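Asker: build me a model:
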Amino acid sequence: MGGTEQKYVTEAFDTNWVAPLGPNVDGFETDISDYLSNQGGIHTAALTSGTAALHLALKILEIGAGDVVMVQSFTFCGTTNPISYQGAELVFIDSETDTWNMCPNALQEALEAYKHKSVKAIMPVHLYGMPAKMVDIQNIAAQYGVPVIEDAAEALGSTYKTQKCGTFGEMAALSFNGNKTITTGGGGAILTNNLELAKHAKHLTTTARMRHAWEFRHDEIGYNYRMSNIVAGIGRGQMEVLDERVAQRRANNQRYREFFAGVDGVTFQTEPDADFFSNYWLTAILIDPELSGGISREDVRLALDAENIESRPLWKPMHMQPVYEGTK
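Answerer: Below is the predicted model of the structure:
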């Protein structure tokens, strides 16, 4: 915690405004939009999770059964599950070695192979805070007229070519889960530079209840996805220390690099060049037992665990998950 979160939470209690919506929600959304774009143009809706944000983006773009969504395989299931919620077909795209994110070349090949099908979205991920090659991905997507939904759940504070992650796609998602760079304990946000899409998102997240109606009237199927005023209060305090948290994560990453310097068989997920600025939400390494004297990833994990230090394997690619067996 940064120290000011309690102030906003106390205000929520003092005003007896603890339910979804409220001044803290409005303020948190403004804080996020201002952070992501000094010139305006980014609209934010604060939600219950990053997964909800991705689900909502798919819903708003009218993606459903019979449609295809091309998605990065190397990610968490929170990226892919919303596609299944909508009944769409997943096509998994491999990662490239520079960033570990969606490979533009593999994406181009997949789009060409599926050009006679209804490809409705491309969903790259900024894995562990490392920006994907968004310019290449967007240029390829434009060739085929396919919108990009940007999974920036792990990448608040990261930039690519000086542009903030979360501002590239037609729509994007952030996460404020308990382990993220900043947290609301649980929560997320949907982002877009399209005001009409933003209005539709806020409408759907409040169960599509029609405004100014004294009775409960709903004009489409909506969702109970809005963030509460208390949770948003935590987020407002966290936004005040976001840059500090990013600097701390990057300092931790540098500490690990210095520790492993000269150790054979250990490589890091690394910014390819000056165009990339990662928040290094997590420091991720690869261990090659053939170069490390037989020491494996599991050996390192168990040794750390014995010292009460948490570590974990990288995400298991989605195309290798039992739930997606048989997916292309």
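
Asker: just give me the residue closest to the centre of this structure.
Answerer: The C-alpha lying nearest the average C-alpha coordinate of the chain belongs to residue 153 (CA atoms, centre = their mean; 1.7 Å).

Asker: isn't that one up against residue 172?
Answerer: No - look at residue 153 against residue 172 with CB atoms under 8 Å: they stay out of range, at 9.2 Å. The C-beta positions use only the backbone N, C-alpha and C, and glycine is treated the same way.

Asker: mind listing the strands for the stretch 151-300 of the chain?
Answerer: 159-160, 163-164, 171-175, 188-192, 266-268, 276-277, 285-287 (DSSP state E, counting those that start in this stretch).

Asker: do the stretch 1-150 of the chain as well
Answerer: Along the stretch 1-150 of the chain, counting by DSSP E, counting those that start in this stretch, strands occupy 43-47, 68-72, 89-93, 119-123, 149-151.

Asker: how far out from the middle of the chain is the shortest one?
Answerer: Relative to the centre of its chain, strand 149-151 is centred 7 Å away, using CA atoms, centre = their mean, to the nearest Å.

Asker: elements contacting that strand?
Answerer: When contacts are defined as 3 or more CB pairs under 8 Å, 6 or more residues apart in numbering; DSSP states H and E, strand 149-151 packs onto helix 50-60, strand 119-123, strand 171-175.

Asker: could you do the first one as well?
Answerer: In this structure, strand 43-47 packs against helix 23-36, helix 50-60, strand 188-192, helix 195-205, with contacts taken as 3+ CB pairs under 8 Å, 6+ apart.

Asker: kindly export the third one (C-alpha atoms) in CSV.
Answerer: In this case it means strand 188-192. Once non-C-alpha atoms are left out, strand 188-192 reads as follows in CSV (Å, rounded to 0.1, in the frame of the first residue of the first chain):
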residue,chain,number,x,y,z
GLY,A,188,-9.8,-4.7,-13.8
ALA,A,189,-10.6,-2.1,-16.4
ILE,A,190,-11.6,-2.0,-20.1
LEU,A,191,-10.0,0.7,-22.2
THR,A,192,-10.9,2.2,-25.6
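
Asker: what lines up beside it in the sheet?
Answerer: Strand 188-192 pairs in its sheet with strand 43-47 (antiparallel), strand 171-175 (antiparallel), by DSSP bridges.

Asker: need those in TSV with mean neighbour count and distance to residue 4, can you?
Answerer: As requested, the strands paired with strand 188-192 are arranged in TSV below (neighbours: other CB atoms under 10 Å; distance: least, CB to CB, whole Å):
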stretch	mean neighbour count	distance to residue 4
strand 43-47	26	18
strand 171-175	28	20
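
Asker: using CSV, write out every CA atom in stretch 56-64.
Answerer: C-alpha atoms of stretch 56-64 as CSV (Å, rounded to 0.1, in the frame of the first residue of the first chain):
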residue,chain,number,x,y,z
LEU,A,56,-16.9,-7.4,-22.4
ALA,A,57,-14.6,-6.4,-25.3
LEU,A,58,-15.6,-9.6,-27.2
LYS,A,59,-19.2,-9.0,-26.4
ILE,A,60,-19.2,-5.4,-27.6
LEU,A,61,-17.5,-6.4,-30.9
GLU,A,62,-20.3,-8.9,-31.3
ILE,A,63,-18.0,-12.0,-31.4
GLY,A,64,-19.8,-15.3,-31.0
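
Asker: list the buried residues of that stretch.
Answerer: Going by neighbour count (16 or more other CB atoms under 10 Å), the buried part of stretch 56-64 is 56-61, 63.

Asker: and stretch 162-182, by the same measure?
Answerer: For stretch 162-182, a neighbour-count test (16+ other CB under 10 Å) marks 164-177, 180-182 as buried.

Asker: straight-line length of stretch 283-299, end to end?
Answerer: 18 Å (CA to CA, to the nearest Å).

Asker: for stretch 111-122, same thing?
Answerer: OK, stretch 111-122 end separation, CA to CA: 10 Å.

Asker: let's number from 3 now, not from 1
Answerer: Taking 3 as the first residue, the last one we looked at is stretch 113-124.

Asker: about what we covered before: got the contact list for the residue nearest to the centre of the chain?
Answerer: Residue 155 is in contact with 52, 78, 80-81, 127, 175-177, 182, 190, counting by CB atoms under 8 Å, 6 or more residues apart in numbering.

Asker: let's see 7 Å
Answerer: By CB atoms under 7 Å, 6 or more residues apart in numbering, the residues touching residue 155 are 52, 80, 175-177.

Asker: next one: residue 22
Answerer: 228-230.

Asker: give me the pLDDT for it.
Answerer: At residue 22, the model reports a pLDDT of 74.

Asker: what of residue 310?
Answerer: On the pLDDT scale, residue 310 is placed at 97.

Asker: residues near it, how many?
Answerer: 6 (other CB atoms under 10 Å).
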